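# Below are the sequence and a predicted model; questions follow.
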Protein chains: 2
Amino acid sequence: MTTRWLSPAEQRAWRSYVSVSSLLEDAIDRQLQAEAGMPHLYYSILAMLSEAPERRLRMTELAEVLKITRSRLTYAVTRLENDGTVRREGCPTDRRGHVAVLTDEGMAILERTAPGHVETVRSAVFDHLTPEQVGQLEEICGSIARAIQGDNPGAGGEDLPWRRRSSPSCGDARTA
Amino acid sequence: MTTRWLSPAEQRAWRSYVSVSSLLEDAIDRQLQAEAGMPHLYYSILAMLSEAPERRLRMTELAEVLKITRSRLTYAVTRLENDGTVRREGCPTDRRGHVAVLTDEGMAILERTAPGHVETVRSAVFDHLTPEQVGQLEEICGSIARAIQGDNPGAGGEDLPWRRRSSPSCGDARTA
(Lines give C-alpha, C1' and ligand atoms only; values in the text may rest on other atoms or scores of the structure.)
Protein backbone atom coordinates (compact mmCIF):
# COMPACT_ATOMS: atom_id res chain seq x y z
CA MET A 1 0.00 0.00 0.00
CA THR A 2 1.31 3.44 -0.85
CA THR A 3 1.96 5.53 2.25
CA ARG A 4 -0.32 8.54 2.43
CA TRP A 5 2.27 10.97 3.79
CA LEU A 6 1.09 14.15 5.45
CA SER A 7 0.86 17.29 3.31
CA PRO A 8 3.06 20.23 4.37
CA ALA A 9 0.01 21.90 6.02
CA GLU A 10 -0.91 18.70 7.86
CA GLN A 11 2.69 18.21 8.95
CA ARG A 12 2.85 21.76 10.32
CA ALA A 13 -0.43 21.32 12.19
CA TRP A 14 0.66 17.95 13.59
CA ARG A 15 4.04 19.17 14.83
CA SER A 16 2.41 22.21 16.33
CA TYR A 17 -0.13 20.02 18.12
CA VAL A 18 2.56 17.64 19.45
CA SER A 19 4.66 20.59 20.73
CA VAL A 20 1.69 22.20 22.40
CA SER A 21 0.57 19.00 24.09
CA SER A 22 4.03 18.69 25.70
CA LEU A 23 4.19 22.36 26.66
CA LEU A 24 0.69 22.37 28.14
CA GLU A 25 1.14 19.13 30.04
CA ASP A 26 4.32 20.51 31.54
CA ALA A 27 2.85 23.91 32.46
CA ILE A 28 -0.25 22.40 34.05
CA ASP A 29 1.61 19.65 35.91
CA ARG A 30 4.07 22.20 37.23
CA GLN A 31 1.39 24.50 38.61
CA LEU A 32 -0.53 21.62 40.19
CA GLN A 33 2.59 20.01 41.65
CA ALA A 34 3.55 23.33 43.20
CA GLU A 35 0.12 24.15 44.62
CA ALA A 36 -1.42 20.75 45.32
CA GLY A 37 1.49 18.29 45.18
CA MET A 38 -0.14 16.28 42.41
CA PRO A 39 0.00 16.03 38.60
CA HIS A 40 -2.86 16.92 36.25
CA LEU A 41 -4.27 13.40 36.09
CA TYR A 42 -4.73 13.24 39.86
CA TYR A 43 -6.40 16.63 39.89
CA SER A 44 -8.73 15.42 37.11
CA ILE A 45 -9.71 12.39 39.19
CA LEU A 46 -10.71 14.65 42.10
CA ALA A 47 -12.55 17.02 39.72
CA MET A 48 -14.55 14.22 38.03
CA LEU A 49 -15.54 12.74 41.38
CA SER A 50 -16.62 16.15 42.69
CA GLU A 51 -19.17 16.44 39.87
CA ALA A 52 -20.60 12.93 40.21
CA PRO A 53 -23.73 12.17 42.26
CA GLU A 54 -22.70 11.66 45.90
CA ARG A 55 -19.13 12.35 44.71
CA ARG A 56 -18.68 8.70 43.75
CA LEU A 57 -17.96 6.87 40.50
CA ARG A 58 -17.25 3.28 39.59
CA MET A 59 -13.58 2.76 38.77
CA THR A 60 -14.55 1.52 35.29
CA GLU A 61 -16.51 4.71 34.58
CA LEU A 62 -13.72 6.87 35.96
CA ALA A 63 -11.18 5.21 33.66
CA GLU A 64 -13.50 5.85 30.72
CA VAL A 65 -14.09 9.55 31.39
CA LEU A 66 -10.36 10.05 31.94
CA LYS A 67 -9.46 7.97 28.85
CA ILE A 68 -6.82 5.98 30.71
CA THR A 69 -6.13 2.32 31.36
CA ARG A 70 -7.49 0.61 34.46
CA SER A 71 -4.00 -0.08 35.78
CA ARG A 72 -3.01 3.55 35.48
CA LEU A 73 -6.18 4.57 37.31
CA THR A 74 -5.64 1.96 40.04
CA TYR A 75 -2.11 3.25 40.58
CA ALA A 76 -3.29 6.87 40.80
CA VAL A 77 -6.24 6.12 43.09
CA THR A 78 -4.00 4.14 45.44
CA ARG A 79 -1.79 7.21 45.78
CA LEU A 80 -4.79 9.48 46.35
CA GLU A 81 -6.14 7.03 48.93
CA ASN A 82 -2.83 7.18 50.79
CA ASP A 83 -3.11 10.98 50.80
CA GLY A 84 -6.65 10.74 52.17
CA THR A 85 -8.33 12.54 49.26
CA VAL A 86 -10.13 9.50 47.81
CA ARG A 87 -11.66 6.42 49.42
CA ARG A 88 -12.31 3.12 47.65
CA GLU A 89 -15.41 1.07 48.44
CA GLY A 90 -16.91 -2.15 47.19
CA CYS A 91 -19.72 -1.72 44.69
CA PRO A 92 -23.10 -2.75 46.18
CA THR A 93 -24.49 -3.95 42.83
CA ASP A 94 -21.37 -5.70 41.53
CA ARG A 95 -19.24 -7.81 43.81
CA ARG A 96 -16.18 -7.48 41.60
CA GLY A 97 -16.58 -3.73 41.02
CA HIS A 98 -15.11 -0.89 43.02
CA VAL A 99 -16.23 2.65 43.56
CA ALA A 100 -14.00 5.69 44.16
CA VAL A 101 -15.38 8.31 46.53
CA LEU A 102 -14.07 11.85 47.01
CA THR A 103 -13.42 12.53 50.71
CA ASP A 104 -14.10 15.88 52.41
CA GLU A 105 -10.35 16.40 52.49
CA GLY A 106 -10.17 15.75 48.73
CA MET A 107 -12.97 18.25 48.15
CA ALA A 108 -11.18 20.84 50.26
CA ILE A 109 -7.93 20.38 48.30
CA LEU A 110 -9.83 20.63 45.02
CA GLU A 111 -11.58 23.85 46.09
CA ARG A 112 -8.29 25.35 47.22
CA THR A 113 -6.47 24.35 44.02
CA ALA A 114 -9.10 25.05 41.36
CA PRO A 115 -8.58 28.85 41.08
CA GLY A 116 -4.84 28.52 40.38
CA HIS A 117 -5.43 25.69 37.93
CA VAL A 118 -8.07 27.63 36.01
CA GLU A 119 -5.80 30.66 35.93
CA THR A 120 -3.03 28.53 34.39
CA VAL A 121 -5.39 27.11 31.75
CA ARG A 122 -6.71 30.58 31.00
CA SER A 123 -3.33 32.27 30.71
CA ALA A 124 -1.90 29.44 28.57
CA VAL A 125 -4.93 28.81 26.37
CA PHE A 126 -8.14 30.79 26.51
CA ASP A 127 -6.72 34.29 26.96
CA HIS A 128 -5.20 33.84 23.50
CA LEU A 129 -8.08 32.33 21.54
CA THR A 130 -11.05 34.10 19.96
CA PRO A 131 -14.54 32.75 20.70
CA GLU A 132 -14.50 31.30 17.15
CA GLN A 133 -11.27 29.45 17.89
CA VAL A 134 -12.74 28.03 21.11
CA GLY A 135 -15.57 26.56 19.02
CA GLN A 136 -13.12 25.32 16.40
CA LEU A 137 -10.99 23.62 19.05
CA GLU A 138 -14.02 21.81 20.45
CA GLU A 139 -15.12 20.67 16.99
CA ILE A 140 -11.66 19.49 15.97
CA CYS A 141 -11.18 17.56 19.21
CA GLY A 142 -14.68 16.10 18.88
CA SER A 143 -13.87 14.77 15.40
CA ILE A 144 -10.62 13.19 16.59
CA ALA A 145 -12.27 11.64 19.64
CA ARG A 146 -15.03 10.10 17.49
CA ALA A 147 -12.41 8.76 15.07
CA ILE A 148 -10.57 6.99 17.89
CA GLN A 149 -13.37 5.83 20.15
CA GLY A 150 -16.46 5.89 17.93
CA ASP A 151 -19.65 7.83 18.61
CA ASN A 152 -20.38 5.85 21.74
CA PRO A 153 -17.29 5.39 23.93
CA GLY A 154 -19.16 2.88 26.08
CA ALA A 155 -19.51 0.58 23.08
CA GLY A 156 -16.03 1.16 21.63
CA GLY A 157 -13.40 -1.43 20.82
CA GLU A 158 -11.38 -3.57 23.19
CA ASP A 159 -8.30 -1.55 22.33
CA LEU A 160 -9.54 1.61 24.04
CA PRO A 161 -7.43 2.44 27.08
CA TRP A 162 -10.16 1.95 29.71
CA ARG A 163 -10.88 -1.54 28.38
CA ARG A 164 -7.28 -2.60 28.75
CA ARG A 165 -5.38 -3.46 31.85
CA SER A 166 -2.11 -1.73 31.05
CA SER A 167 -0.55 1.16 29.18
CA PRO A 168 1.42 0.72 25.96
CA SER A 169 4.41 2.64 27.08
CA CYS A 170 6.65 1.21 29.76
CA GLY A 171 9.73 2.48 27.99
CA ASP A 172 9.60 6.04 29.22
CA ALA A 173 8.93 5.94 32.92
CA ARG A 174 9.29 9.73 33.22
CA THR A 175 10.65 9.37 36.69
CA ALA A 176 13.76 11.30 35.74
CA MET B 1 -8.43 38.23 43.02
CA THR B 2 -11.70 36.97 41.58
CA THR B 3 -11.26 33.66 39.80
CA ARG B 4 -11.95 33.94 36.09
CA TRP B 5 -13.71 30.58 35.71
CA LEU B 6 -14.04 29.09 32.25
CA SER B 7 -17.25 29.78 30.32
CA PRO B 8 -19.34 26.73 29.37
CA ALA B 9 -17.94 26.86 25.81
CA GLU B 10 -14.37 27.10 27.10
CA GLN B 11 -14.99 24.28 29.56
CA ARG B 12 -16.33 22.04 26.78
CA ALA B 13 -13.36 22.84 24.53
CA TRP B 14 -10.87 22.23 27.36
CA ARG B 15 -12.34 18.89 28.39
CA SER B 16 -12.48 17.82 24.79
CA TYR B 17 -8.84 18.77 24.32
CA VAL B 18 -7.73 16.93 27.48
CA SER B 19 -9.64 13.79 26.42
CA VAL B 20 -8.20 13.89 22.93
CA SER B 21 -4.65 14.36 24.14
CA SER B 22 -4.97 11.17 26.25
CA LEU B 23 -6.65 9.21 23.47
CA LEU B 24 -4.12 10.28 20.84
CA GLU B 25 -1.10 9.67 23.04
CA ASP B 26 -2.40 6.18 23.78
CA ALA B 27 -3.22 5.32 20.15
CA ILE B 28 0.13 6.55 18.86
CA ASP B 29 2.19 4.96 21.63
CA ARG B 30 0.39 1.68 21.09
CA GLN B 31 1.10 1.57 17.36
CA LEU B 32 4.74 2.54 17.83
CA GLN B 33 5.27 0.10 20.70
CA ALA B 34 3.83 -2.68 18.56
CA GLU B 35 5.79 -1.88 15.42
CA ALA B 36 9.00 -0.33 16.71
CA GLY B 37 9.11 -1.23 20.40
CA MET B 38 9.27 2.42 21.43
CA PRO B 39 6.89 5.17 22.56
CA HIS B 40 6.11 8.32 20.61
CA LEU B 41 8.78 10.45 22.28
CA TYR B 42 11.55 8.04 21.24
CA TYR B 43 10.24 7.95 17.67
CA SER B 44 10.21 11.77 17.66
CA ILE B 45 13.86 11.83 18.75
CA LEU B 46 14.83 9.63 15.79
CA ALA B 47 12.65 11.70 13.42
CA MET B 48 14.15 15.04 14.54
CA LEU B 49 17.71 13.70 14.20
CA SER B 50 16.94 12.31 10.73
CA GLU B 51 16.08 15.81 9.49
CA ALA B 52 19.09 17.58 11.02
CA PRO B 53 22.31 18.26 9.07
CA GLU B 54 24.54 15.17 9.30
CA ARG B 55 21.73 13.63 11.38
CA ARG B 56 23.12 15.23 14.53
CA LEU B 57 21.81 17.73 17.07
CA ARG B 58 23.10 19.10 20.34
CA MET B 59 21.23 17.60 23.28
CA THR B 60 20.15 21.10 24.36
CA GLU B 61 18.63 21.79 20.93
CA LEU B 62 16.94 18.40 20.86
CA ALA B 63 15.31 19.05 24.25
CA GLU B 64 14.06 22.38 22.95
CA VAL B 65 12.50 21.08 19.73
CA LEU B 66 10.86 18.25 21.67
CA LYS B 67 9.73 20.61 24.48
CA ILE B 68 10.96 18.28 27.22
CA THR B 69 13.32 18.55 30.18
CA ARG B 70 16.98 17.69 29.81
CA SER B 71 16.69 14.83 32.28
CA ARG B 72 13.84 13.26 30.35
CA LEU B 73 15.84 13.55 27.13
CA THR B 74 18.96 12.10 28.75
CA TYR B 75 16.94 9.12 29.99
CA ALA B 76 15.40 8.52 26.56
CA VAL B 77 18.68 8.91 24.66
CA THR B 78 20.39 6.48 27.01
CA ARG B 79 17.74 3.89 26.15
CA LEU B 80 18.08 4.59 22.43
CA GLU B 81 21.87 4.34 22.74
CA ASN B 82 21.50 0.92 24.35
CA ASP B 83 19.32 -0.12 21.40
CA GLY B 84 21.96 1.12 18.97
CA THR B 85 19.72 3.68 17.25
CA VAL B 86 21.42 6.80 18.61
CA ARG B 87 25.06 7.56 19.46
CA ARG B 88 26.21 10.28 21.82
CA GLU B 89 29.38 12.27 21.13
CA GLY B 90 31.20 15.14 22.78
CA CYS B 91 30.60 18.51 21.21
CA PRO B 92 33.75 19.83 19.44
CA THR B 93 32.92 23.48 20.18
CA ASP B 94 31.70 23.09 23.76
CA ARG B 95 33.54 20.80 26.17
CA ARG B 96 30.49 20.42 28.42
CA GLY B 97 28.01 19.90 25.56
CA HIS B 98 26.92 16.63 23.98
CA VAL B 99 25.60 15.79 20.55
CA ALA B 100 23.13 13.02 19.67
CA VAL B 101 23.69 11.31 16.33
CA LEU B 102 21.25 9.03 14.51
CA THR B 103 22.94 5.73 13.60
CA ASP B 104 22.30 3.83 10.36
CA GLU B 105 20.35 1.31 12.40
CA GLY B 106 18.22 4.13 13.84
CA MET B 107 17.59 5.47 10.34
CA ALA B 108 16.55 2.00 9.15
CA ILE B 109 14.10 1.59 12.04
CA LEU B 110 12.68 5.05 11.37
CA GLU B 111 12.18 4.30 7.66
CA ARG B 112 10.52 1.01 8.46
CA THR B 113 8.23 2.52 11.11
CA ALA B 114 7.26 5.82 9.51
CA PRO B 115 4.53 4.49 7.15
CA GLY B 116 2.58 2.82 9.97
CA HIS B 117 2.98 5.86 12.22
CA VAL B 118 1.75 8.25 9.53
CA GLU B 119 -1.19 5.94 8.82
CA THR B 120 -2.15 6.05 12.53
CA VAL B 121 -1.93 9.84 12.63
CA ARG B 122 -3.93 10.09 9.43
CA SER B 123 -6.69 7.71 10.46
CA ALA B 124 -7.00 9.27 13.94
CA VAL B 125 -6.68 12.92 12.93
CA PHE B 126 -6.36 14.14 9.36
CA ASP B 127 -8.83 11.84 7.65
CA HIS B 128 -11.50 13.55 9.77
CA LEU B 129 -10.54 17.22 9.44
CA THR B 130 -11.31 19.61 6.58
CA PRO B 131 -8.43 21.63 5.11
CA GLU B 132 -9.88 24.64 7.00
CA GLN B 133 -9.72 22.73 10.27
CA VAL B 134 -6.10 21.76 9.61
CA GLY B 135 -5.30 25.47 9.30
CA GLN B 136 -7.34 26.28 12.41
CA LEU B 137 -5.53 23.60 14.42
CA GLU B 138 -2.16 25.02 13.44
CA GLU B 139 -3.22 28.57 14.33
CA ILE B 140 -4.72 27.56 17.68
CA CYS B 141 -1.65 25.54 18.65
CA GLY B 142 0.60 28.38 17.49
CA SER B 143 -1.22 30.83 19.78
CA ILE B 144 -0.95 28.49 22.77
CA ALA B 145 2.74 27.78 22.11
CA ARG B 146 3.52 31.51 21.93
CA ALA B 147 1.58 32.09 25.16
CA ILE B 148 3.67 29.50 26.99
CA GLN B 149 7.11 29.94 25.50
CA GLY B 150 7.01 33.41 23.94
CA ASP B 151 7.73 34.26 20.32
CA ASN B 152 11.30 33.08 20.56
CA PRO B 153 11.65 29.74 22.40
CA GLY B 154 15.41 30.15 22.50
CA ALA B 155 15.02 33.28 24.63
CA GLY B 156 12.16 31.99 26.81
CA GLY B 157 12.03 31.82 30.58
CA GLU B 158 13.98 29.56 32.90
CA ASP B 159 10.79 27.64 33.63
CA LEU B 160 10.51 26.15 30.14
CA PRO B 161 11.05 22.38 30.21
CA TRP B 162 14.29 22.32 28.20
CA ARG B 163 15.87 24.85 30.56
CA ARG B 164 15.14 22.73 33.59
CA ARG B 165 16.85 19.60 34.73
CA SER B 166 13.78 17.62 35.78
CA SER B 167 10.08 17.09 35.14
CA PRO B 168 7.38 18.34 37.48
CA SER B 169 5.58 15.07 37.75
CA CYS B 170 7.17 12.26 39.67
CA GLY B 171 3.84 11.20 41.14
CA ASP B 172 2.56 9.26 38.18
CA ALA B 173 5.34 7.01 37.02
CA ARG B 174 3.07 5.36 34.44
CA THR B 175 4.93 2.12 34.79
CA ALA B 176 1.71 0.34 35.74
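Done, it's in.
# Other residues contacting stretch A:94-114?
A:32, A:35-36, A:43, A:45-47, A:49-50, A:54-60, A:62, A:77, A:80, A:84-91, B:3 (Cβ atoms under 8 Å, 6 or more residues apart in numbering or on different chains). C-beta: built from backbone N, CA, C; applies to glycine.
# Rounded mean pLDDT for it, please.
Averaged over stretch A:94-114, pLDDT sits at 92.
# chain center to that stretch, what's the gap?
15 Å (Cα atoms, centre = their mean, to the nearest Å).
# So which residues of chain A form helices?
In chain A, the segments counted as helices under DSSP state H are A:8-36, A:40-51, A:59-66, A:70-83, A:104-124, A:131-149.
# and the ones you listed as JSON lines, adding distance to residue B:110?
Listed next are those as JSON lines, based on distance: least, Cβ to Cβ, whole Å:
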{"stretch": "helix A:8-36", "distance to residue B:110": "15"}
{"stretch": "helix A:40-51", "distance to residue B:110": "30"}
{"stretch": "helix A:59-66", "distance to residue B:110": "32"}
{"stretch": "helix A:70-83", "distance to residue B:110": "28"}
{"stretch": "helix A:104-124", "distance to residue B:110": "32"}
{"stretch": "helix A:131-149", "distance to residue B:110": "24"}
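# can you list the ones you listed in JSON lines and add mean neighbour count?
Output for the helices of chain A, formatted as JSON lines (neighbours: other Cβ atoms under 10 Å in any protein chain shown):
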{"stretch": "helix A:8-36", "mean neighbour count": "20"}
{"stretch": "helix A:40-51", "mean neighbour count": "21"}
{"stretch": "helix A:59-66", "mean neighbour count": "20"}
{"stretch": "helix A:70-83", "mean neighbour count": "19"}
{"stretch": "helix A:104-124", "mean neighbour count": "17"}
{"stretch": "helix A:131-149", "mean neighbour count": "19"}
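# Go through these and name the closest to residue B:122.
Residue B:122 lies closest, by Cβ to Cβ, to one member of those: helix A:8-36, at 8.2 Å.
# what packs against the closest one?
helix A:40-51, helix A:104-124, helix B:8-36, helix B:131-149 (3 or more Cβ pairs under 8 Å, 6 or more residues apart in numbering or on different chains; DSSP states H and E).
# If you average the pLDDT over that helix, what comes out?
Across helix A:8-36, pLDDT averages out at 95.
# distance of the spatially most central residue of chain A from chain B?
Closest to where the C-alpha atoms of chain A average out (Cα atoms, centre = their mean) is residue A:66, at 4.2 Å. For residue A:66, the distance to chain B (Cβ to the nearest Cβ, to the nearest Å) stands at 7 Å.
# quick one: the longest strand belonging to chain A to helix A:59-66, angle?
The single longest strand within chain A, with elements called by DSSP state E, is strand A:94-102. Interaxial angle, strand A:94-102 versus helix A:59-66 (axes from the mean of the first three to the mean of the last three Cα atoms, to 10 degrees): 50 degrees.
# Direction included, what does strand A:94-102 pair against?
Taking DSSP bridges as the criterion, strand A:94-102 forms sheet pairs with strand A:56-58 (antiparallel), strand A:86-91 (antiparallel).
# possible to save those as JSON lines with mean pLDDT and mean neighbour count?
JSON lines is the format used below for the strands paired with strand A:94-102 (pLDDT from 0 to 100; neighbours: other Cβ atoms under 10 Å in any protein chain shown):
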{"stretch": "strand A:56-58", "mean pLDDT": "95", "mean neighbour count": "18"}
{"stretch": "strand A:86-91", "mean pLDDT": "91", "mean neighbour count": "15"}
